[in-house]
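In: no sequence on this one, just coordinates:
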C-alpha cells in the first residue's frame, strides 16, 4: 500500500469515528428511530467494507464520498433537530396573560383552579 493510500485510509477511519460520535448524539436526540438505525447499519457496513477492502484502490474514493455524504446528513439532521427542540421549548415557556379585566376572554368565568377560588 502506498503512503498516499495509507493517509487516505487513516483519514477515512477518522471520518468514520467522527460520524460514529455524531450518530450517537443523533440517537440521544431522536431515540432509536428507524432512521437512526438505518444510519447505524450503513456506518457499520462502511467500517466492515473499509477493513475488508483496505487493499482495493477503487473502493476508497467511493467510500470516502459516501462517508462525507453520511457525515453531512447526520450533522445537518442534528442541527435541525436541535434548533426545532429549542424553538419548541421556547414556545412552551412563554405564557402571555392579559392583566386587564377583559370579559371578552373565553375564560373570564373560569375557576382559578385553587388559587383563590371563584371570583363572584
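Out: Yes, it's here. As the structure is a prediction and not an experimental result, all values here were calculated from the model.

In: okay, now residue 32: neighbour count?
Out: By the measure other CB atoms under 10 Å, the count of residues near residue 32 is 9. Every residue, glycine included, has its C-beta placed from N, CA and C.

In: Report the secondary structure state of it.
Out: Here residue 32 is recorded as coil under DSSP: H, G, I helix; E, B strand; the rest coil.

In: Can you give me every residue that contacts residue 4?
Out: For residue 4, no contacting residues are found, by CB atoms under 8 Å, 6 or more residues apart in numbering.

In: ok, now how distant is residue 40 from residue 7?
Out: 27 Å (CB to CB, to the nearest Å).

In: Show me which of these two is the more surrounded one.
Out: Ranked by neighbour count (other CB under 10 Å), residue 40 and residue 7 place residue 40 first, with 16 against 10.

In: What is the helix or strand encompassing residue 45 packed up against?
Out: Secondary structure assignment for residue 45, by DSSP states H and E: helix 34-52. Counting by 3 or more CB pairs under 8 Å, 6 or more residues apart in numbering; DSSP states H and E, the packing neighbours recorded for helix 34-52 are helix 3-30, helix 57-93.

In: comparing those, which gets the lowest mean pLDDT score?
Out: Least confident of these, judged by mean pLDDT, is helix 57-93 with a mean of 62.

In: Quick check: residue 47 touching residue 15?
Out: No - assessed by CB atoms under 8 Å, residue 47 is found out of contact with residue 15, at 10.9 Å.

In: what touches both of the two?
Out: By CB under 8 Å, 6+ apart, no residue touches both residue 47 and residue 15.

In: How much space separates residue 37 from residue 6?
Out: To residue 6, residue 37 is 32 Å away according to CB to CB.

In: brain fart, residue 41
Out: To residue 6, residue 41 is 28 Å away according to CB to CB.

In: Ok, residue 14 next?
Out: From residue 14 to residue 6 the distance is 13 Å (CB to CB).

In: From residue 31, how far off is residue 47?
Out: Distance, residue 47 to residue 31, by CB to CB: 23 Å.

In: what do you get for residue 22?
Out: Counting by CB to CB, the gap from residue 22 to residue 31 is 16 Å.
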